[in-house]
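>>> coordinates only, sequence not included:
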């Protein structure tokens, strides 16, 4: 199976939800004066291929590319420069790419599905991320299934991220941020899921095919 997709998003960003007598202004770019509204254009391309390698196994590969142009900061977040708070400022250009490989195998004798995947991400802000993941789905009769998932995430931070900037940084022109999502960090996710079809509760008609889920997820970063 081959798939190809494209997307275009043309957005306007403002701090209109801010509380107070006046709307905060935004620096759409370091070279422009403050404004009340900034644009953000996103161009995306996705491609994937999946291949059956046996009646019970499939492998897949996908590629995601995106180019962002425009305002990408958070108008409410600040960074510490010396002893002062400075409004966060991200670069107005970002190119992103990710490649994902996955494999699924169904053990018919036990009704077990095994899923493994690995995703590598990088962008022009020098953020690199590795995400391996393992999943197991176990059928229990024809109305119940149980799933387990373990996911690991490791990221290198953006080149301009700092928890605190020295006072001599040219903060009016250079990017500044203390957003934790742009820092070096690792994350672990453990998930357990129980899925039940409505017919187990003796529901009828369309409700017999309705699916109910209970999910427990533990995340540590």
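The structure has been received and is ready for your questions. Just so it is clear, the model here is predicted, and its values are computed rather than measured.
>>> mind naming the longest strand for the protein?
Ranked by residue count, the top strand of the chain under DSSP state E comes out as strand 37-54.
>>> list the buried residues of the following helix or strand past that one.
Beyond strand 37-54 in the direction of the C-terminus, DSSP states H and E gives the next helix or strand as strand 57-70. By neighbour count on 16 or more other Cβ atoms under 10 Å, the buried set for strand 57-70 is 58, 60, 62, 64, 66, 68, 70. Every C-beta, even on glycine, is put in place using the N, C-alpha and C of the backbone.
>>> pairing partners for the helix or strand bottoming out on mean pLDDT in the chain, with directions?
Taking mean pLDDT, DSSP states H and E as the measure, the chain has strand 84-87 as its least confident helix or strand, at a mean of 86. Paired neighbours of strand 84-87 in the sheet (DSSP bridges): strand 78-81 (antiparallel).
>>> so which bits of the strand it pairs with are buried?
For strand 78-81, using 16+ other Cβ under 10 Å, the buried residues are 79, 81.
>>> who's in contact with that strand?
85-88, 162-167, 169, 171, 176-178 (Cβ atoms under 8 Å, 6 or more residues apart in numbering).
>>> if we can go back for a sec, out of the buried residues of strand 57-70, which comes closest to residue 194?
Distance to residue 194, by Cβ to Cβ, is smallest for residue 58 among these, at 24.8 Å.
>>> pretty sure that closest one contacts residue 104?
Yes - counting by Cβ atoms under 8 Å, residue 58 touches residue 104, with 5.1 Å between them.
>>> now the strands for the chain?
Using DSSP E, strands in the chain cover 2-14, 37-54, 57-70, 78-81, 84-87, 93-107, 112-123, 128-140, 144-156, 185-197, 211-220.
>>> can I get those strands in a markdown table with distance to residue 204?
Output for the strands of the chain, formatted as a markdown table (distance: least, Cβ to Cβ, whole Å):
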| stretch | distance to residue 204 |
| --- | --- |
| strand 2-14 | 37 |
| strand 37-54 | 36 |
| strand 57-70 | 34 |
| strand 78-81 | 57 |
| strand 84-87 | 58 |
| strand 93-107 | 30 |
| strand 112-123 | 29 |
| strand 128-140 | 22 |
| strand 144-156 | 18 |
| strand 185-197 | 12 |
| strand 211-220 | 15 |
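>>> deepest in the core, which of those strands is it.
Mean neighbour count (mean count of other Cβ atoms under 10 Å) peaks for strand 78-81 among the strands of the chain, with a mean of 18.
>>> mean confidence for it?
Average pLDDT, strand 78-81: 89.
>>> any stretches of this protein with poor pLDDT?
18-23, 30-31, 169-172 (pLDDT under 70).
>>> what do you get if the cut-off is 80, keeping everything else the same?
Flagging of the chain using pLDDT under 80 yields the residue ranges 15-25, 27, 29-35, 168-173.
>>> residue 184 - nearest residue in space that isn't next to it in sequence?
Among residues not flanking residue 184 along the chain, residue 157 sits closest, at 4.3 Å (Cβ to Cβ, 6 or more residues apart in numbering).
>>> contact partners for the one you found?
So residue 157 contacts 126-127, 182-185 (Cβ under 8 Å, 6+ apart).
>>> can we see that at 10 Å?
125-128, 177, 179-185 (Cβ atoms under 10 Å, 6 or more residues apart in numbering).
>>> hang on, isn't residue 47 packed against residue 97?
No - using Cβ atoms under 10 Å, residue 47 is not in contact with residue 97; the gap is 11.5 Å.
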